[in-house]
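Colleague: Fold the following.
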Amino acid sequence: MAGARARTQAELREVLSQWEKGLTLAPLTALQQDSVIDLAAQAEERPLPDLPAGEDAKGLAGRSDEEASPTRSRPGAGAAALLSPAADSIAAGNQAPAQKIENAQQFLAWFEGVEGQLELQQEQSFTAYVDILQKYSTRCSDLLAQIDTAVTHLKGLEEQYLSVSNKTNSLHDACEQLLQDQTNLANLAESITDRLSYFNELDKLSTRLSAPNLSVLSEQFVPLLSRLDECIAYMQKKQHYKDAPLYYAKFQQLQSRALNLVKLHVINTLRTATQNVQTQVQGVRAEPDASFTLFYGKFRLHAPRIKSLMAEIERRGSKNPEYASLLNECFDCYYSQRAALLTPSIKTAIVTAWKDHANSLPGFVRAACAHLMHVCSNEHQLYHHFFSSMNAGLDEMLESLCNILYDACRPHFINKKLGLDLLVDLCSLLKVETQENRGEEMHAFVSVAEQMLQDVQTRLVYVAQTHIASDLKGYQPTAQDLDYPEKIKSEEKFSEPETPTTGESSQYAGWFPVLPRSLLLMSKLYRCLDREVCKGLSQEIVSHCVHALSSASRVIAAKSGAMHGQLFLIKHLLLLREQIAPFDVDFETTEISLDFSTVREAVRSLFTKRDKMLSLGKDNAFLSFLSEGVPSIMEMHTDSRKELDSLLKITCQEFMKSTSRLMTAEINSFLVKVDALPPAAKATLSQQPFATPEKLREIVVSSDNILRQETQTVVGALRVYLRNKDTEMILFRPVKTAVLETYQRLSALVAEHYHSEEDKAIISCPSQEQIALTLAAE
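Modeller: Got it, this is the predicted structure:
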């Protein structure tokens, strides 16, 4: 028993440890665990029950009923119920035996009965618990049966729900399908109605176009055209529909009728306006201003009604060739009517302008150009009153009107009597007109004005070449032209202008006539000609001017001396270089020519090798002629500015060199003789007949006199010709340096070969400071 109890307690602890470790699905709380431990401690010591044995069954039955209602029992009641039968069994075992035990057999029998009762009493609680469990099992089985029944009913309900739901969904789907079919049928009916509407429009549009009161200016006409366009586009796109090609052709016929109505209205309106203006202009032919007002007032009255219609035609013209064709016909009619109306007026205005400016061709051109510019401006404004988009035909029409002026001016431009100044004025006038009127509305006038300008420039180039040939290249100077420096002195004294026939002013006083003529010609051409054309002429002018100045310089040098010829050339070359500096022209030209010298040699070789003309080798004479007889291309670059600078540099160098030699001629002659002596003779230079102190003294005195005279002459000539102190100093400084170097050589020679103070005193060679003072004083 004790072992069983110990085993029971060990199992209890093990179960409790498992509960504590959380290995069960329903772990006990701390209070429940404490209750179990307390019960286990009390169960170890079983006190005998106080109740009588007769009440055990009743108590057990009562406890069984309480255990059968677990919902009404308190916590811990089940454990007390399990322990109470054990206590009762102990109490029952203590009862005394029914008869007296006399022997061991009886005692054993009694003890066996007691022991059996104890075992029964010990198992009674478990039996009761088993009965309770069986009742619970029975009730659970009943509950499971009820649950199975409920589940069966629920499954039946679910099946019924699914059946009803499926039927409902089927009904819903069927309704949706019916609605969809209804919508599709409605859409199909609507689509068929929309498609048939284009076919049904044929009769409606035909009736509207056949109405006698239909006007192209009415508000219903433009929507009619739009509906026609929609129907034609639809029929063209749906050619696979039944009778679509037939309806397409009929709609096109209706469109042609509608567009023909528009064309007839526009053409009749323009023609009527033109006829009314022409009729009224004939009555006021003597008043060009009034007739000019009529040309635009009558047309502008009809413009608003036509422009709205033309705007629709222009908008559709880019997509539909029928509208584009109608628009072109309206343009052509407009241009033809305007040209027919304006041509006589322009011709009359040009004739009137010629009568008013018969003696002034530039005045005539200016007046005619002003009239045509006014016409072009007004025509563009009138055009925009009728049409919204630009058309190239307008410029063509205006250009044909401007060509009337071109045809009237061209005979005057090619007239041989036109002088250079008149052509220059015409060029300036036309250049101003073409450059200041670059707007869109003046495009036609500018095009014709540029043609006129090109004709005038061509004539100007020809006249300029004539002037170059006669006034520059072929100029023959008179004796008065070459009378330098007297001409400059007289001009300084009398500062009177040249004769009017030369075209020169007093600002060119003292200039060689070729120079001002060249500059005037260049200035006139520079303003009127293009740069490339002006480049060649300017190069030619400068080249001929330099050549004429060089020729005149040689004549003046022969007549008045080399110094005057050099200063004349320096003066005019400096003036020419200064005056052409502002011209933005490249004076370099390239001339291309063919060199036929190789052809001559090839022909000569061909005739010398006649026997090899049929040779099959490399030395065939004919093949050699073809390869060697090709003329070569030669390029000749000419730069007049560089030629001018080169000639000026050479002339200045010659002037400096000749002037310095002239100032020190005797000293230079003496130094040359000394340099020609052998070394032995140089050692006794003071004993040479031409180099004695007395002779050298004569040379020094004579050279000093020459230096003073020539310095005065040179400085005076520089002042007369150059009239610029800076330029004079630039030219005279190298002369001064050369003179000082010559006297320095003489001083060095005297110091080297004349040792005695007496000889040096006799010679009295001037120092560098004295020579510098002499040159500076003058």
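
Colleague: and the top helix by length along the chain, what does it pack onto?
Modeller: Scanning the chain for the longest helix, with DSSP state H as the assignment, gives helix 104-209. On a contact count with 3 or more CB pairs under 8 Å, 6 or more residues apart in numbering; DSSP states H and E, helix 104-209 meets helix 55-68, helix 77-93, helix 221-237, helix 244-283. No exception for glycine: its C-beta is placed from N, CA and C like everyone else's.

Colleague: Tell me how many other residues crowd residue 261.
Modeller: Using other CB atoms under 10 Å, the number of residues around residue 261 comes to 15.

Colleague: any idea how far it is from residue 232?
Modeller: Residue 261 sits 17 Å away from residue 232, going by CB to CB, to the nearest Å.

Colleague: ok, now which ones touch residue 195?
Modeller: When contacts are counted by CB atoms under 8 Å, 6 or more residues apart in numbering, residue 195 touches 238, 241.

Colleague: just to revisit the earlier point, what angle do helix 244-283 and the longest helix of the chain make with each other?
Modeller: 40 degrees (axes from the mean of the first three to the mean of the last three CA atoms, to 10 degrees).

Colleague: orientation of helix 104-209 relative to helix 221-237 in degrees?
Modeller: Going by the same axes, to 10 degrees, helix 104-209 makes 120 degrees with helix 221-237.

Colleague: ok, which stretches of the stretch 451-600 of the chain are helices?
Modeller: 486-494, 514-528, 531-560, 562-580, 597-608 (DSSP state H, counting those that start in this stretch).

Colleague: Now distance to residue 450 too, for those, in JSON lines please.
Modeller: Shown next, in JSON lines, are the helices of the stretch 451-600 of the chain (distance: least, CB to CB, whole Å):
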{"stretch": "helix 486-494", "distance to residue 450": "45"}
{"stretch": "helix 514-528", "distance to residue 450": "14"}
{"stretch": "helix 531-560", "distance to residue 450": "15"}
{"stretch": "helix 562-580", "distance to residue 450": "28"}
{"stretch": "helix 597-608", "distance to residue 450": "43"}
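
Colleague: Looking at those helices, which is nearest to residue 455?
Modeller: helix 514-528 (12.6 Å; CB to CB).

Colleague: isn't residue 281 right up against residue 294?
Modeller: Yes: with contact defined as CB atoms under 8 Å, residue 281 counts as touching residue 294 (5.9 Å).

Colleague: can you list the weak-confidence ranges in the stretch 351-500 of the chain?
Modeller: 416, 437-438, 491-500 (pLDDT under 70).

Colleague: One more pass at 80, please.
Modeller: 358, 414-418, 433-440, 489-500 (pLDDT under 80).

Colleague: for the record, mean pLDDT for the longest helix of the chain?
Modeller: Mean pLDDT, helix 104-209: 87.

Colleague: how distant is that helix from the center of its chain?
Modeller: 78 Å (CA atoms, centre = their mean, to the nearest Å).

Colleague: next one: stretch 418-431
Modeller: Worked out by CA atoms, centre = their mean, stretch 418-431 lies 40 Å from the chain centre.

Colleague: Buried ones in it, by neighbour count?
Modeller: Residues of stretch 418-431 classed as buried by neighbour count (16 or more other CB atoms under 10 Å): 418, 420, 422-427, 429-431.

Colleague: same thing with stretch 540-552?
Modeller: 540-546, 548-549, 552.

Colleague: possible to save these as TSV with pLDDT and distance to residue 303?
Modeller: Output for the buried residues of stretch 540-552, formatted as TSV (pLDDT from 0 to 100; distance: CB to CB, whole Å):
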residue	pLDDT	distance to residue 303
540	86	57
541	88	56
542	88	59
543	87	62
544	88	62
545	90	62
546	90	65
548	90	66
549	91	68
552	90	71
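
Colleague: Save the residues you listed as CSV, and put in distance to residue 364 too.
Modeller: Output for the buried residues of stretch 540-552, formatted as CSV (distance: CB to CB, whole Å):
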residue, distance to residue 364
540, 32
541, 30
542, 35
543, 37
544, 34
545, 35
546, 40
548, 37
549, 40
552, 42
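
Colleague: Helices - which of the buried residues of stretch 418-431 land there?
Modeller: Judged by DSSP H, these include 420, 422-427, 429-431 as members of helices.

Colleague: ok, so of these, who is nearest residue 238?
Modeller: residue 430 (61.3 Å).

Colleague: Is the closest one in contact with residue 454, as I believe?
Modeller: No: applying CB under 8 Å as the test, residue 430 and residue 454 come out as separate, 9.3 Å apart.

Colleague: Excluding sequence neighbours, find me the nearest residue to residue 270.
Modeller: Nearest residue to residue 270 in three dimensions, chain neighbours excluded: residue 337, at 4.7 Å (CB to CB, 6 or more residues apart in numbering).

Colleague: Tell me how many other residues crowd residue 183.
Modeller: Neighbours of residue 183 using other CB under 10 Å come to 10.

Colleague: one step back: between the helices of the stretch 451-600 of the chain, which gets nearest to residue 356?
Modeller: Across the helices of the stretch 451-600 of the chain, closest to residue 356 is helix 514-528 (CB to CB), at 25.4 Å.

Colleague: orientation of the closest one relative to helix 531-560 in degrees?
Modeller: 170 degrees.

Colleague: pLDDT (mean, whole number) over helix 514-528?
Modeller: 88.

Colleague: Who are the packing partners of that helix?
Modeller: Packed next to helix 514-528, using 3+ CB pairs under 8 Å, 6+ apart, are helix 420-436, helix 443-467, helix 531-560, helix 562-580.

Colleague: what does it contact?
Modeller: By CB under 8 Å, 6+ apart, helix 514-528 touches 420-421, 423-424, 427-428, 431, 457, 460, 464, 467-468, 471-472, 475, 477, 502-504, 508, 534, 537-538, 541-542, 544-545, 548-549, 552, 572, 575-576, 579-580, 583, 585.

Colleague: burial count for the closest residue to residue 562 other than its chain neighbours?
Modeller: Once flanking residues are discounted, residue 562 sits nearest to residue 658: 5.8 Å by CB to CB, 6+ apart. Look at residue 658: counted by other CB under 10 Å, it has 15 neighbours.
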